[in-house]
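Chemist: Fold the following, please.
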Amino acid sequence: MNNIIKHVNRRALLKAAAALGGGIVVGGMPLSQAIWAAEGKVLRVRSDGDLAKLDPGNWARAVDVDVANCIYSKLIRFKPGAEWSWELEAAEKIEQVDQTHIRFRLKKGIKFTGGYGEMTTKDVKFSFERRKKGADWGGALDRVEIEDDYTGVLVFTKPYVPVWTVVLPTGGVGHIISEESVMKATKDGGDFGTKQIAFSGPYVLADWKPKQYILLTRNPDWSGQKPGFDEIRILPIDDLKAAERAYQASDVDFTEFSLDSLATFKSTPPANTKVEDKPSLWYYWIGMNMDHPKLKDINVRKAIQWAINVPQILDLAYSGQVNLATGTIAPGIIGHRAKALIPPEGDLAKAKEFLEKAGVSDLTLSIDCQNDNVNSTIAQTVQAQLSQIGISVEVNVRDNSTFWTLGMETEGERWKDLQLIVNGFIAAPDPHSFVTYFVQAQVGEWNWERFRSARFDELVAKAVTISDPGERAKVYYEMQDIMEESGAYRFLTNGARAFMYRTTQMEAATIPSGDPLFVDFKPV
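Modeler: So this is what the prediction gives:
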């Protein structure tokens with residue numbers, strides 16, 4: 001796929017042409033250094049997989065957000081550092097007028113590439129309203145009122161506390177895109193998937209060879225603060241062990257790595273390398289498709305919950321370097337529960353009692369997982385644990401592009417065959433993003449367990465209006481209780497982020513959860 005766009009300057013085109021001519025090998029094997037002819041300052045990083053979406057309002061993977069943060073703009077953005085705080089980006093000024101109104105004023109002179117002109121309030125209105133029914137906005141955004149080309153007001157139907165943590169500063173629906181370019185690409189303003197539109201960030205997508213590399217170069221139309229690197233070269237490497245090998249082979253200079261290597265790398269890091277680990281905003285669980293005939297009986301689901309020994313899984317998959325999840329919500333976030341309803345170790349005798357109550361024997365199931373070492377280890381451990389209560393499990397290892405469409409009704413009929421899933425999502429630093437994808441409206445989209453609870457939906461809507469942290473936390477405790485009581489979830493961990501980077505090449509910049517902000521990386 002040749003995704004060379006018309007607005008990249010000649011120098012970038014020549015570099016991209018060199019890349020196209022060479023090919024690239026990932027997965028820990030050496031790259032051809034000739035591909036990356038050294039011109040200017042180059043940032044070489046690893047991502048956890050390939051791009052799934054260039055549409056920031058419909059992002060599917062962490063790399064989608066990492067790239068979007070480089071090529072699009074938001075009203076505000078998170079600052080790098082150890083504390084959760086934000087700063088102005090495309091907005092010159094923004095204020096909460098009252099509980100249901102936020103006024104903003106855009107900076108003048110932010111240009112879209114490809115001749116699509118200056119960013120205006122019209123583009124903000126289009127960008128936000130096209131996704132206002134999505135989970136991130138919580139159904140709270142009514143409209144964006146235009147006062148003039150640069151000034152507008154976000155109007156909400158009800159107070160929406162997470163707007164400052166889930167929507168505006170995070171990658172995804174907070175990005176502002178060119179209405180004209182999207183309409184040209186889609187005709188109806190809908191999901192433009194991996195089609196290229198106009199960019200407005202410090203970088204543009206110069207080239208992308210799926211499963212090989214993503215090349216970002218400086219945006220010649222960018223009028224803001226100049227980023228540190230001339231190019232960002234992103235290599236999609238799914239497996240963390242392969243990422244470690246790629247780093248040690250000097251194929252990348254920044255990467256996340258496997259937690260079972262954390263102690264080793266901390267005590268004996270590679271030369272000229274800084275090693276860091278930070279608490280994660282991910283949440284991982286074993287899910288069960290409640291609509292599948294084999295899993296409709298809650299007693300079967302509860303048998304599976306009680307048969308799963310979480311500490312054993314975490315020891316094998318993460319070398320015990322992560323927390324035991326008590327629900328979806330991570331430690332340090334409002335609504336984090338002190339403990340789960342089911343003890344972490346489970347209880348095999350109790351699990352067998354539930355199976356007997358269901359009147360089930362010789363049960364065979366499948367479990368789907370991603371094809372990296374951690375996820376496949378989790379699946380294989382669950383396979384072994386369920387065999388102890390007489391359940392036979394087949395492990396289906398999927399590549400990332402296949403896995404992330406399994407439960408989506410828009411992608412065909414595969415969701416009907418889905419049974420057990422090793423799943424995990426990334427959240428924003430607000431409890432809403434840890435629960436919003438499990439409402440009934442998300443069934444067939446991101447709610448792959450097909451979990452349905454009117455009470456849960458009611459609480460999701462209520463919690464975002466509560467400003468008092470203590471009262472808000474109680475509502476999220478109940479939500480996680482409801483999820484667990486459904487039998488469709490066995491919570492595993494919130495994970496951790498261990499990463500390393502070459503200090504002779506860069507000064508890295510991350511947010512408190514360890515997620516990179518590539519535009520803030522500085523060369524040395």
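
Chemist: can I assume Ala379 is in contact with Val397?
Modeler: Yes. Applying Cβ atoms under 8 Å as the test, Ala379 and Val397 come out as touching, 7.4 Å apart. Quick note: C-beta positions are derived from backbone N, CA and C, even for glycine.

Chemist: Those two: which is more packed in?
Modeler: Ala379 (25 against 17; other Cβ atoms under 10 Å).

Chemist: Identify the contacts common to Ala379 and Val397.
Modeler: Residues touching both Ala379 and Val397 (Cβ atoms under 8 Å, 6 or more residues apart in numbering): Cys369.

Chemist: check contacts around the residue positioned nearest the centre of the chain.
Modeler: For the chain, Ala62 is the residue whose C-alpha lies nearest the centre (Cα atoms, centre = their mean; 3.8 Å). Applying Cβ under 8 Å, 6+ apart, we find Ala62 in contact with Ser47, Asp48, Ile426, Asp515.

Chemist: 7 Å - rerun?
Modeler: Asp48, Ile426 (Cβ atoms under 7 Å, 6 or more residues apart in numbering).

Chemist: which intervals of this structure have sub-threshold pLDDT?
Modeler: 1-39 (pLDDT under 70).

Chemist: For it, which helix extends over the most residues?
Modeler: helix 469-485 (DSSP state H).

Chemist: elements contacting the helix or strand following it?
Modeler: Downstream of helix 469-485, the next assigned helix or strand under DSSP states H and E is strand 489-493. Packing partners of strand 489-493 (3 or more Cβ pairs under 7 Å, 6 or more residues apart in numbering; DSSP states H and E): strand 282-288, helix 310-318.

Chemist: The shortest one - contacts with which helices or strands?
Modeler: So the one you mean is strand 282-288. strand 420-426, strand 489-493.

Chemist: The last one pairs with which strands?
Modeler: Right, strand 489-493. strand 282-288 (antiparallel) (DSSP bridges).

Chemist: what's the following helix or strand after the partner strand?
Modeler: helix 298-307.

Chemist: Run through the residues that contact the closest residue to Trp446 other than its chain neighbours.
Modeler: Nearest non-adjacent residue to Trp446, counting by Cβ to Cβ, 6 or more residues apart in numbering: Tyr437, 4.2 Å away. Contacts here follow Cβ under 7 Å, 6+ apart; on that basis Tyr437 touches Ala135, Phe425, Trp446, Asn447.

Chemist: Can you verify my assumption that the second one contacts Tyr283?
Modeler: Yes. The pair Phe425 and Tyr283 passes the contact test of Cβ atoms under 7 Å, sitting 6.0 Å apart.

Chemist: Of the two, which one has the most company?
Modeler: Tyr283 (23 against 16).

Chemist: how close does that one get to Tyr437?
Modeler: From Tyr283 over to Tyr437 the distance is 10 Å, taken as Cβ to Cβ, to the nearest Å.

Chemist: Equivalent analysis for Gly335, please.
Modeler: On the measure of Cβ to Cβ, Gly335 and Tyr437 end up 15 Å apart.

Chemist: ditto for Lys350
Modeler: According to Cβ to Cβ, Lys350 and Tyr437 sit 29 Å apart.

Chemist: again with Val374
Modeler: The value you get for Val374 to Tyr437, if Cβ to Cβ is used, is 21 Å.

Chemist: same thing with Met408?
Modeler: Met408 is 12 Å from Tyr437, by Cβ to Cβ.
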